[in-house]
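Peer 1: what's the 3D shape of this:
(chains A and B)
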Amino acid sequence: MTTKITLTQIDQYPEVPSSWGGMEWNKTGSWRFLMPVFSPRPSPCSRECPLQNNIPEMMALLADGDTAGATLALALENPFPAVLGRVCPAFCTEACNRDRFDERVSIRAVERLLGNEALKKHPDLPKRKATGKSVAIVGSGPAGLSTARFLALLGYAVTVFEREEAPGGVLRLGIPPYRLPRDILDSCIDAIRRLGVDIRTGVSIGTDIILTDLEKDFDAVFAAPGAHRSLDVDLGGYTGIGVLSGLSFLADVFRGTIDSVTGEYAVIGGGNTALDAARTILRLGGSPHIYYRRSRDEMPAFTDEIEEAREEDIPISYLTAPVGLTEKKGRLAMTLITMELGEEDASGRRRPVQISGSEREVCVDRVITAVGEAEDFSFMGTDGDKKDPVSILDAEGVLLGGDAGGGRRTVADAAAAGKRAAIMIDARLSGRPAPEATERMTFSRWLEERPAPEGDPVAFEDIQTAYFKKSDAYRLQKTDPHMRSGDFSEVTAGPTERDAAAEAARCFVCGTCIDCKTCERFCPDFSLSIIRNLKARGVGSSVRVDEDFCKGCGICARECPRGVIVMKTP
Amino acid sequence: MKQLLEGNHAVSMGVLRSRVQVIPAYPITPQTHISELLAQFASDGTMDARYIKVESEHSAMAACIGAATAGARTFTATSSQGLALMHELLHWAAGGRLPIVMACVNRTLGAPWNIWNDQSDSMSQRDTGWLQFYCEDNQDCVDSVLLAYAVAERVFTPAMIILDAFILSHTTEAVDVPDEMTADRFLPPLNNPHAIDLDSPRAFSPVVAPDHFTEVKYRQFDAARRALTVIDEENRRFKEIFGRSYSSIETYRTDGAETIIAACGAVCGTIRAAVDRLREEKTPVGMLKVRTFRPFPSELITDAVSGVSTVFVLDKSVIPGQGGPLAQEIRAALYDANKRPRVIGAVAGLGGRDITVDLICEAIRGLEKTKDTPQPFFLGMKK
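Peer 2: Coordinates of the predicted model:
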């Protein structure tokens, strides 16, 4: 009611102070010196995720019972969540704001459940109509598959060339099935094929087809050849038999060439390849022993892999390096030396230094070396042997990504590089300006032609923790270490849909409005209204501020559980 | 039926018989027994009431305001620091014209810390717009609850019934608790015409700008003034039904008195005994009990004392820099009287110190000596 009520005599006043008139005359907005601004912001988890997965939205939807919606939100940014839900180091969770409240959210467990869901019921991904243009991809590892998948969604005819007999690259030949079951991997690759991607296996670029022909036949080429060349370890000049690289050993096992081993294996190295080789040897019947020249703190392998190897009673000798190897009565005598940590090296880790006089000898049957891997440019033919193959690719307009493209070597980073390559190729082929290297462009925003998300991630101090209950994080079930080390069955199990929804309900949903209405309820001037996002159960809603009546008290910003409203000087 | 009841439980019984619907309360000594018994009544079904546990007295009164605005008969109880914490909302309840009834069990206000009785807590809230009724005994406590609702709900003004800590609150007396039917006859269910009505939405206690504020405040002032007449009317009705009477002021043996001792609360019982003893000694003395302190019954008091030579006012609290609040009010009331008696202000019984019959008799016998004493004088204070 906006009619003005005129009172001229005392007896016209109501007995108690109350009014049937409105308060619209009292434009409290004139009191304001600060203004609440609806400011959806990145969550720290999404910001740390190489793929920029929309974790807040996925969590809010799953917690609200919309498993299909959550699966779609995840699948929009993530080409194979069932894989990454198992093998990702989960940079997201490292950044989780819940850490300072009780325990970080087990985001990867939720991703894993949604990944399985995506394989059961394929989410209805937005797909652009065919552009009539084609792209060739060299390598079907995580980067190649990711690029293929996003390019297919963008309407390109994609052909992937894989020199192995089965697609997957490092996912198939590097990561053991107890971490990534092969039926899951196969289903993920099938899902990408269903989008129309043509994967040609057993075709080696550089040998069967030369790169320049690809460049002629396709509108664009993306190369993700991986890092398959093992770095050498100096074993005192030993060149005899009995020494294998970890990568080629694993590849032989997963191709089916090796199905059992016997005897004692020395595994040299501290990365995931070393751990995977040791655990694989254990499962094939051998006795592994890991030697690492630095200490546990510097070990580059994922923490849970180190933990699981320890559970499986695999001995690890830290600060120990081989310095010599000789044949001895049909076995190998390896000379080891104790190391100590000296000054920091270029990687920021303390350099191991030999302690002279600490040499000793052990006898083993085989030595597996796994001290690092280098890029494989053999797909470039003879160009691959030249000094700077990357600049040759650059000059030819071939995009390079994945482990060969530089940067952190994780499946998530490779998949992210693939997604970025897809966006860059689409920009190039469609004539649209490519996003800057510093822009954190997401696939959904690129598809909808919206700018990349901006702003600093929501900090713990921005969260109104009064609205949350403390609870324990979900933990994956693990099979018994001594039972599981007899075969390649998956080490971890879970979560159920219910477990995942409960874990999702722990998420603060930093920086994303979920239509909780807290601001509306608290506003003393009824000057906030939520514009509900009807598509996604209110997730991604926005808040409108009535400037006539908002007096800038800041209660909304203070009470917003997830830091979506920020007070600013108008 | 008569029951042996401590003053606190007498209040609880009054609340039970008033069929109160909402009781938000926060414990504090010496009030706690009142709300404990009410919590039990609410939980075991003796009362059809909602008992709300709150985190502070401020919240207790805030919840009372909400419930009363919605039209529920509402009660709470507090003491001392708890009452002080409510201060802001006492104004809000009175300004909002909400007929809430609250029991204040008089306990002194710190600092320094003290849990015993005096009237500094209720007296410090005398300007909040609440009606204030001071009880003399435990029968008064049960009856005052019913009377307070009867008055408050007619003038739309909250009412505080006040009883002295321990002297009444924790002391057992025989009390005639009204039966349900008779109590219902005196106090029918509340049907507040100014409560929230979903069919006629309006803003309660909204922003009132300067062009209306004076008129709104005048209506509140006028209602509080009218309350004196309403108190008188409700007291007559109470007397017809129950046979007991509680007028705003009461006099005792004032015929021919030259000195009248004025006070509020349970100390009046002690003064009655002192008057009896002094009368035996042929000292012409009487008593004036001020039961209704707000609204202040100035005319009734003037009429009662204007013929005597001395009014000896016994205050159980003191305003630093001013004096006893009752003495201050009586002096002000008498200013316009034709024959103004001398008013002597005495302060006694602070922080639980006993006021005995001997102490009062000594003071009256020595009245001549106090002529030149600065006012107020602290009765019984160590030299």
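
Peer 1: rest of the way, CA atoms for contacts and neighbours
Peer 2: Will do.

Peer 1: center of the chain - which residue?
Peer 2: The chain I'm using is chain A. residue A:412 (3.7 Å; Cα atoms, centre = their mean).

Peer 1: um, chain B though
Peer 2: residue B:133 (2.6 Å).

Peer 1: Please enumerate the strands of the stretch 51-200 of chain B.
Peer 2: For the stretch 51-200 of chain B, applying DSSP state E, counting those that start in this stretch gives strands covering B:75-78, B:101-106, B:131-134, B:159-164, B:172-176.

Peer 1: Residue B:152 is in contact with the residue nearest to the centre of chain B, correct?
Peer 2: No: the pair residue B:133 / residue B:152 is not scored as a contact, 11.6 Å apart, by Cα atoms under 8 Å.

Peer 1: Now for these two: what residues contact both?
Peer 2: Shared contacts of residue B:133 and residue B:152 (Cα atoms under 8 Å, 6 or more residues apart in numbering or on different chains): residue B:159.

Peer 1: ok so, going back, how about the strands of the stretch 51-200 of chain B in a markdown table, adding distance to chain A?
Peer 2: Below are those laid out as a markdown table (distance: least, Cα to the nearest Cα, whole Å):
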| stretch | distance to chain A |
| --- | --- |
| strand B:75-78 | 19 |
| strand B:101-106 | 17 |
| strand B:131-134 | 16 |
| strand B:159-164 | 16 |
| strand B:172-176 | 36 |
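
Peer 1: Please name the residues that touch residue A:467.
Peer 2: So residue A:467 contacts residue A:561 (Cα under 8 Å, 6+ apart).

Peer 1: State the distance from it to chain B.
Peer 2: 18 Å (Cα to the nearest Cα, to the nearest Å).

Peer 1: what does residue A:425 give?
Peer 2: Separation of residue A:425 from chain B (Cα to the nearest Cα) stands at 61 Å.

Peer 1: got it, and residue A:522?
Peer 2: 16 Å.

Peer 1: can you give me the mean pLDDT across stretch B:154-174?
Peer 2: For stretch B:154-174, mean pLDDT rounds to 98.

Peer 1: Likewise for stretch B:50-67?
Peer 2: 98.

Peer 1: Spatially nearest residue to residue A:561, not counting backbone neighbours?
Peer 2: Of all residues not flanking residue A:561 in the chain, residue A:464 sits nearest, at 4.4 Å (Cα to Cα, 6 or more residues apart in numbering or on different chains).

Peer 1: and that neighbour, what is it in contact with?
Peer 2: Residue A:464 neighbours (Cα under 8 Å, 6+ apart): A:558, A:559, A:560, A:561, A:562, A:563.

Peer 1: by contact count, what packs against the helix or strand of chain A with the lowest mean pLDDT?
Peer 2: Taking mean pLDDT, DSSP states H and E as the measure, chain A has strand A:229-230 as its least confident helix or strand, at a mean of 85. In terms of contacts (3 or more Cα pairs under 8 Å, 6 or more residues apart in numbering or on different chains; DSSP states H and E), strand A:229-230 is packed against helix A:246-255, strand A:373-374.

Peer 1: got the ones you listed as TSV, with mean neighbour count and mean pLDDT columns?
Peer 2: Converted to TSV, the helices and strands packed on strand A:229-230 look like this (neighbours: other Cα atoms under 10 Å in any protein chain shown; pLDDT from 0 to 100):
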stretch	mean neighbour count	mean pLDDT
helix A:246-255	21	96
strand A:373-374	16	88
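
Peer 1: Distance to residue A:453 added to those, as CSV?
Peer 2: Output for the helices and strands packed on strand A:229-230, formatted as CSV (distance: least, Cα to Cα, whole Å):
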stretch, distance to residue A:453
helix A:246-255, 39
strand A:373-374, 34
